[in-house]
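how would this look folded up:
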Amino acid sequence: MTVTVRRGRKSDAAALGDICYTAFKTVAEAHGCAPDLPSPDIAAGVIASLVAHERIFDVVAEMDGRVLGSNFLDERNPISGIGPITVDPTHQNAGAGAVLMRAVLERSAERGFVGIRLVQAAYHRRSLALYLKLGFEARELLACMQGQASPVTLPGYAIRAATADDVPACDRLCMRVHGHERNGELRDAVTQGTASVVERLGRITGYATRVGFMGHAVADTTDDLKALIGAAESIPGPGVLIPARNGELVRWCLARRMRITQTMTLMTTGLYNEPEGAWLPSVIY
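Residues are numbered from 1 along each chain as shown. Below is the predicted model of the structure:
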């Protein structure tokens, strides 16, 4: 039987959410880690929000009328982002994962994105092999850190909610650090009320769409990132992703009783610039 793909529908949310939850749970627990999503209902909510978003492309895999899994392409920025991709664990050998990946890679090429990003669970050897076969390069080892440390304030670093007026300055900062901006994500975060900025010496020196698994941050210095993380009352989801090469920031988080829950790999194709500044990726990139 052949795996086919189609666009997602609102009515798919429950089935795809159950597959998403079960797939992540099965792989994570097999490696002694907690699943990224705590319940099928929350997974279904995530899937539903992605399917409903006008600038996120969705694709569903089917075989003989049965839904096998899904994948998504974030099209809000000049660099597209892949995920979450999940396949029913009982059909892991049907080739659905490769079909779902090819569908979003073709979509990204058709839409003219200059690069693609994804974040892969480092313990999942099978997905690492698939992405390398598809031409992705491993760029960064990421430490996922979680903890409910008390908020901390760094003297001279002022944290406040981001507004629409801050977007141009944040875009310039992201361009300086990464060579591209993430304007679509940032504007969504401002609208949702999750974005924050850090100001120092009268100017914006960092921003975060949120401090957590689903948010990214860009800053002039590691201390700016410390200020953003320190101001967070809690860290939603599995944790905040920190490039492991930034040992100063990892050690600071460990000193605040945060812990490393898993490691992940940032992977890329197309345009990639070595970052020139401090940054935190989201689970997309």
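
quickly note the distance from residue 269 to residue 117.
Computed as CB to CB, to the nearest Å, the residue 269 to residue 117 distance reads 8 Å. Placement of C-beta: from N, CA and C, glycine included.

actually residue 11, not the one I typed
Distance from residue 11 to residue 117, counting by CB to CB: 30 Å.

do residue 219 as well
According to CB to CB, residue 219 and residue 117 sit 19 Å apart.

ok, now residue 247?
Going from residue 247 to residue 117 by CB to CB gives 23 Å.

out of those two, which sits in the busier spot?
Of the pair residue 247 and residue 117, residue 117 is the one with more neighbours under other CB atoms under 10 Å, namely 24 against 12.

mind checking which helix or strand the more buried one is in?
Assigned by DSSP states H and E, residue 117 belongs to strand 115-121.

so what touches that strand?
Residues outside strand 115-121 that contact it (CB atoms under 8 Å, 6 or more residues apart in numbering): 27-28, 33, 78-83, 105, 108, 127-128, 131, 136, 142, 180, 241, 262, 264-272, 281-285.

and the buried ones among the residues you listed, selectable in ChimeraX?
Selecting only the buried entries of the contacts of strand 115-121 in ChimeraX, with 16 or more other CB atoms under 10 Å as the criterion:
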select :27,28,33,78,79,80,81,82,83,105,108,127,128,131,136,142,180,241,262,264,265,266,267,268,269,270,272,281,282,283,284,285
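
among the contacts of strand 115-121, which lie within helices?
Of those, the ones assigned to helices by DSSP state H are 27-28, 105, 108, 127-128, 131.

quick check: end-to-end length of stretch 68-87?
End-to-end distance of stretch 68-87 (CA to CA, to the nearest Å): 6 Å.

so how far is that stretch from its chain's centroid?
Relative to the centre of its chain, stretch 68-87 is centred 10 Å away, using CA atoms, centre = their mean, to the nearest Å.

avg pLDDT for it?
Taken as a whole, stretch 68-87 carries a mean pLDDT of 97.

repeat that for stretch 197-217.
Averaged over stretch 197-217, pLDDT sits at 97.
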